[in-house]
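Student: Just to be clear, the model below is a prediction. Sequence and coordinates:
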Amino acid sequence: MKTAFLYALVVLVGTIIGLFVVSFVIEAIWPVRFVSERLGEIIGRVAWFLAFVAFVVGWIRQANRKRAKPSLSGPPSKPKNLQPIDYSKLSGIYDDHPKP
């Protein structure tokens, strides 16, 4: 969720700054005069829409990343050398006094 909010914030701020810069460049090149209130409304709507799209994309990416991450427990590994235990020899192994 944190990634999605970060994507949305970056896109929102970047879109607002970028569109204001583009509007000033358009005014400098062509003799067009924008109404500042209408321009702010349009830039705001575009920025919020792109921020929402970035939020959804970030949310989906984070969910896919969590699903693809292998679990730490995982399936237990099987021992390689499995042989039957001879219980008759166990008493001799763990005795303090070895048999002659």
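Tutor: Good, I have the coordinates.

Student: Just give me the residue right at the centre of the chain.
Tutor: Nearest residue to the geometric centre of the chain (Cα atoms, centre = their mean): Gln62, 3.2 Å.

Student: I'd say that residue and Ala4 touch.
Tutor: Yes - counting by Cβ atoms under 8 Å, Gln62 sits close enough to Ala4 to count as a contact (6.3 Å). Backbone N, C-alpha and C define where each C-beta goes, glycine included.

Student: Leaving out the residues flanking it, which one is nearest to the residue nearest to the centre of the chain?
Tutor: Leaving aside its sequence neighbours, Gln62 sits nearest to Thr3 (Cβ to Cβ, 6 or more residues apart in numbering; 4.5 Å).

Student: burial of that neighbour, as a residue count?
Tutor: 15 (other Cβ atoms under 10 Å).

Student: Where does it fall, secondary structure wise?
Tutor: With secondary structure defined by DSSP states H and E, Thr3 is part of helix 2-29.

Student: May I see the buried residues of that helix?
Tutor: Ala4, Tyr7, Ala8, Val11, Leu12, Thr15, Ile16, Leu19, Ser23 (16 or more other Cβ atoms under 10 Å).

Student: Could I get the pLDDT score of the fourth one?
Tutor: Reading off the confidence values, Val11 has pLDDT 91.

Student: quick one: contacts for the closest residue in space to it that isn't next to it in sequence?
Tutor: Leaving aside its sequence neighbours, Val11 sits nearest to Ala54 (Cβ to Cβ, 6+ apart; 3.9 Å). Each residue near Ala54 by Cβ atoms under 8 Å, 6 or more residues apart in numbering is listed here: Ala4, Tyr7, Ala8, Val10, Val11, Leu12.

Student: Thanks a lot, see you next time.
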